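A.B. asks: Need a 3D model of the sequence below.
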Amino acid sequence: ATICRRLDGLPLALELAAARLRVLTPDALAARLDDALTLLGGGRRDASDRHQTLRSTIQWSHGLLDPAAQELFRRLSVFPSGATVAGIEAVCGGDLPIEALDTLLDLALVGVSDDRFMMLQTINQFARGQLADSGEADLIADRHTRHMLEVARSIFVDVDGGDQVGAIARGTAADPGFAAALDRCLAAARDGNEEWGEVGLQLTGHLWMYWHLRGKHVTAEQYTTALLDATDPRPTPGRAAAALALGLAQWTLGHIEKSAETWQTAYELAEAIDHLPYMGRSAFTVGVASLGGDLDRAPQRIGEGVH
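C.D. replies: As a prediction, this is how the structure comes out:
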């Protein structure tokens, strides 16, 4: 089932994969499918050039594209779970390239699911290779990361504003994109890039309540902890926001005393930069955590957060 899903149920891909089972076990084959186009290369010598490999089949369709459609095709590969119209415009550049998108749809290189333009995993692998060869992979990945920050910010606003159902639906569809953006920020932060570290911290802050509502407490704890550890301890909005998110994950996972300490840190970070919204949130959360022990302190802090 895993092999079928990873190969999108494509008959040619499954036929080529079946041939590899003479050498690999199913588990070993599945573990190598991140590079399916190389793994499934070759084929029957009596097959036509177009059908000898999965790569050559996709290459044949790619060769029919004009330069504008080829550019859109490779840039769309940065979206791990498909792109909305807004995402295409933000990441791929400029207004929606309608003619190029129509061409990709006509050649079945892109499909549509709800409001998202999607690529099959095997096609996405080929497109990622084209993006790497183009020399613009870093540029497009940076745009994607900043776009995911904006998506997370809109989800944060809608969760607070009352459209929780819509916000959760958008977040669920965008989850793989959030992970890609956070992984990129974390890698950059560990390399000493404070700008991208701050972007990652802000991203976790925008996702704090979405993660809570989705029950993604371990995910929240892992990303916030890693980014806080990888970045400069100086007070920033992102650091205060990430501490709020980490405290909520700790509290939900039953680490009440630890969450109170983390939320106190969030308050001190927010106070240091005079960030009133984060001061209010962290004061309130410190009060909530104190209900588990320091009852004298709890009403004061909750009151600070409310006011």
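A.B. asks: Longest helix in the protein, by number of residues?
C.D. replies: helix 164-190 (DSSP state H).
A.B. asks: same for that one, what does it pack against?
C.D. replies: Here helix 164-190 touches helix 137-161, helix 194-206, helix 208-214, helix 217-230, going by 3 or more C-beta pairs under 8 Å, 6 or more residues apart in numbering; DSSP states H and E. The C-beta positions use only the backbone N, C-alpha and C, and glycine is treated the same way.
A.B. asks: Now do the contacts for the closest residue to residue 182 other than its chain neighbours.
C.D. replies: Nearest residue to residue 182 in three dimensions, chain neighbours excluded: residue 223, at 5.3 Å (C-beta to C-beta, 6 or more residues apart in numbering). Contacts here follow C-beta atoms under 8 Å, 6 or more residues apart in numbering; on that basis residue 223 touches 182, 186, 200, 204.
A.B. asks: again with residue 226
C.D. replies: So residue 226 contacts residue 186 (C-beta under 8 Å, 6+ apart).
A.B. asks: Repeat the analysis, applying 10 Å as the threshold.
C.D. replies: Residue 226 makes contact with 182-183, 185-186, 189-190, 200, 204, 242, according to C-beta atoms under 10 Å, 6 or more residues apart in numbering.
A.B. asks: Which pLDDT value belongs to it?
C.D. replies: Note on residue 226: pLDDT of 98.
A.B. asks: roughly how far apart are it and residue 201?
C.D. replies: Separation of residue 226 from residue 201 (C-beta to C-beta, to the nearest Å): 11 Å.
A.B. asks: Tell me the residues that contact both of the two, please.
C.D. replies: Joint contacts of residue 226 and residue 201 (C-beta under 10 Å, 6+ apart) are 182, 185, 189, 242.
A.B. asks: Of those residues - the most surrounded one?
C.D. replies: residue 242 (32 neighbours; other C-beta atoms under 10 Å).
A.B. asks: Quick check: that residue touching residue 189?
C.D. replies: No - judged on C-beta atoms under 10 Å, residue 242 makes no contact with residue 189 at a distance of 11.3 Å.
A.B. asks: Find residues that contact each of the two.
C.D. replies: 197-198, 200-201, 226-228, 231.
A.B. asks: can you redo those as CSV with distance to residue 177?
C.D. replies: Formatted as CSV, these follow (distance: C-beta to C-beta, whole Å):
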residue, distance to residue 177
197, 19
198, 19
200, 14
201, 18
226, 18
227, 17
228, 22
231, 22
